[in-house]
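Colleague: Would you be able to build a 3D model of this:
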Amino acid sequence: MAAQAAAASATPPVVEQPPVIIAQPVVDEPDVIEARRDLLLPPPAKRSSGKGNMSAKAGKTLVESDAGSYVAWSGADQPELAVEGLGCGLLVLKPLGLAMPHYADSPKFGYVLGGSGVVGVLPVGGGAAERVVRLEAGDVISVRMGDVSWWYNDDANGAGDDLSIVFIGDTARAVSPGDISYFFLAGGNSVLRGLDAAAWAPRVTAEQAAAAFRSQPAVLLTRLSQRLPGVCPREHDRKGLVTNAGHVAAGTVKTLTAAELGDLGISAALGRLEAGAASAPWVVREGAAQAVYVARGSARVQVSSNAGGETLLLDVDVPAGSVFVVPRFAVAFVAAGAHGVEWVSLIKSPRPAVEQLTGEGSVLGGVAAEVVQASLNVAPELVELLGGGRRAASSN
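Modeller: Below is the predicted model:
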């Protein structure tokens with residue numbers, strides 16, 4: 001086949017093979033591969049009602065080497081992720097770091113926090129053409145369930161920032177809801193590693209078959225010794241795959257609908273608050289859950305129980321690098337810390353209406369002021385201060 005002939009004739013760059021740290025004891029190679037299976041199939045999470053036991057947490061480092069790192073959040077640690085079918089991961093690639101080809105069991109988007117790099121995406125379906133694009137800070141890239149992708153920091157001089165991308169996905173149909181599971185085509189836990197290549201590739205010798213999928217011991221990430229030749233991003237490949245979120249003004253939330261994310265059926269929202277500022281309580285009344293990643297700064301976060309009352313599902317100070325969940329129909333509130341706060345979230349709706357409950361243009365502001373006053377049992381001045389209530393038109 002042409003691809004095999006090209007692979008046989010091309011001389012790939014020399015790849016350095018640093019040890020990969022996966023928080024496991026050092027064991028012989030077969031056991032290492034088995035121990036790393038958590039990168040493919042995370043342990044099933046125990047389902048919970050999510051009431052009273054929600055948390056905002058940093059993820060766990062699954063892979064770390066001189067190529068970069070991958071951090072994941074799991075429904076086993078935050079049951080609300082499993083309950084609402086959400087998942088999150090953070091990829092950091094150092095110069096010449098390569099995340100090897102893989103596909104996942106969840107549709108997701110990646111938001112570039114910093115740095116620059118090149119990404120290849122091969123859509124599901126025979127005969128589909130690979131799309132190769134350059135990513136910059138602020139870009140949002142859509143990746144469907146089953147799409148094969150690879151991620152590459154092509155900064156050979158080390159002059160730029162590490163390429164950092166946070167992924168948030170819909171894990172309702174995942175192998176383990178609450179986790180984004182990956183299936184690798186190369187490396188120590190490749191899905192092809194244990195198969196008998198000589199049996200299904202008759203033109204390959206026994207020696208070549210033994211080496212084909214066993215020569216790369218690294219898992220997920222590897223660091224190259226030089227830039228990959230011939231890997232060129234194409235501007236026209238960005239259409240329908242990548243959009244730039246642009247500047248998010250302080251005190252606002254910018255929403256990217258499913259139509260802007262390749263019709264994944266999910267939306268992204270980016271918010272920013274200056275130091276000491278607070279958002280009005282917000283809700284997605286259509287009943288769409290949200291996974292929120294705090295990208296910079298810190299905030300106090302409150303999430304109400306959808307049963308109402310004074311019981312809160314969450315009331316904590318959340319630092320950068322943490323994820324929390326806003327369940328369906330729950331109300332959330334964010335107050336920025338001393339250095340402000342920026343966040344990015346996935347909303348499980350193709351075109352969500354994220355609405356404030358109080359303040360100008362709010363839900364309460366659309367209800368007749370007399371009804372709001374009577375319902376809250378407060379003075380009309382307080383209704384006005386809360387930004388609630390429209391004045392009923394006088395009748396003749």
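Colleague: in stretch 205-221, what counts as buried?
Modeller: The neighbour-count check on stretch 205-221 (16 or more other C-beta atoms under 10 Å) flags 209, 212-214, 216, 218-221 as buried. Backbone N, C-alpha and C define where each C-beta goes, glycine included.
Colleague: Give the rounded mean pLDDT of it.
Modeller: Confidence over stretch 205-221 (mean pLDDT, whole number) is 87.
Colleague: ranges for the helices of the protein?
Modeller: Secondary structure of the chain (DSSP state H): helices at 2-9, 29-35, 79-84, 197-200, 206-212, 369-376, 380-385.
Colleague: For the third one, name the packing helices and strands.
Modeller: Spelled out, it's helix 79-84. Here helix 79-84 touches strand 322-326, going by 3 or more C-beta pairs under 8 Å, 6 or more residues apart in numbering; DSSP states H and E.
Colleague: Alpha carbons of the strand it packs on, in CSV - could you do that?
Modeller: In CSV, the C-alpha atoms belonging to strand 322-326 read as follows (Å, rounded to 0.1, in the frame of the first residue of the first chain):
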residue,chain,number,x,y,z
SER,A,322,-9.8,23.3,39.4
VAL,A,323,-13.0,21.9,37.9
PHE,A,324,-16.5,22.1,39.4
VAL,A,325,-19.9,21.1,38.1
VAL,A,326,-23.2,23.0,37.9
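Colleague: Tell me which other helices or strands that strand touches.
Modeller: By 3+ C-beta pairs under 8 Å, 6+ apart, strand 322-326 packs against strand 57-58, helix 79-84, strand 290-304.
Colleague: Determine which of the ones you listed approaches D155 most closely.
Modeller: Nearest to D155 among these is strand 290-304; the distance by C-beta to C-beta comes to 21.3 Å.
Colleague: Among the buried residues of stretch 205-221, pick out the one closest to G188, please.
Modeller: For these, the minimum distance to G188 (C-beta to C-beta) is 4.5 Å, reached by V219.
Colleague: on that earlier part again, which one of the buried residues of stretch 205-221 is nearest A172?
Modeller: L220 (24.0 Å).
Colleague: The closest one: what's it in contact with?
Modeller: L220 sits next to 39, 62-63, 70, 99-100, 102, 182, 184, 187 when contact means C-beta atoms under 8 Å, 6 or more residues apart in numbering.
Colleague: do V344 as well
Modeller: Neighbours of V344 in contact, by C-beta under 8 Å, 6+ apart: 111, 166, 168, 268-271, 292-293, 295.
Colleague: Turn those into JSON lines, columns for distance to G321 and pLDDT.
Modeller: Listed next are those as JSON lines, based on distance: C-beta to C-beta, whole Å; pLDDT from 0 to 100:
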{"residue": "Y111", "distance to G321": "14", "pLDDT": "98"}
{"residue": "V166", "distance to G321": "9", "pLDDT": "98"}
{"residue": "I168", "distance to G321": "14", "pLDDT": "98"}
{"residue": "A268", "distance to G321": "18", "pLDDT": "97"}
{"residue": "A269", "distance to G321": "18", "pLDDT": "96"}
{"residue": "L270", "distance to G321": "16", "pLDDT": "97"}
{"residue": "G271", "distance to G321": "16", "pLDDT": "96"}
{"residue": "V292", "distance to G321": "12", "pLDDT": "98"}
{"residue": "Y293", "distance to G321": "8", "pLDDT": "98"}
{"residue": "A295", "distance to G321": "8", "pLDDT": "98"}
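Colleague: For the closest residue to A249 other than its chain neighbours, give its distance to G85.
Modeller: Ranked by C-beta to C-beta, 6 or more residues apart in numbering and with sequence neighbours excluded, the top spatial neighbour of A249 is R272, at 7.1 Å. R272 is 27 Å from G85, where distance means C-beta to C-beta, to the nearest Å.
Colleague: And for L241?
Modeller: Shown here: L241 relative to G85, a distance of 24 Å by C-beta to C-beta.
Colleague: likewise G321?
Modeller: G321 is 22 Å from G85, by C-beta to C-beta.
Colleague: Show me which of those two is the more surrounded one.
Modeller: Taking other C-beta atoms under 10 Å, G321 and G85 do not tie; G85 has more neighbours (19 against 16).
Colleague: Check what pLDDT the nearest residue in space to A104 that is not next to it in sequence gets.
Modeller: Spatial nearest neighbour of A104, chain neighbours left out: Y182 (5.2 Å); criterion: C-beta to C-beta, 6+ apart. Here the pLDDT value assigned to Y182 is 97.
Colleague: With P42 instead?
Modeller: With respect to pLDDT, P42 has a value of 49.
Colleague: what do you get for P25?
Modeller: 33.
Colleague: What about the nearest residue to S55 once chain neighbours are set aside, how many residues nearby?
Modeller: Nearest non-adjacent residue to S55, counting by C-beta to C-beta, 6+ apart: Q78, 6.0 Å away. By the criterion of other C-beta under 10 Å, Q78 has 26 neighbours.
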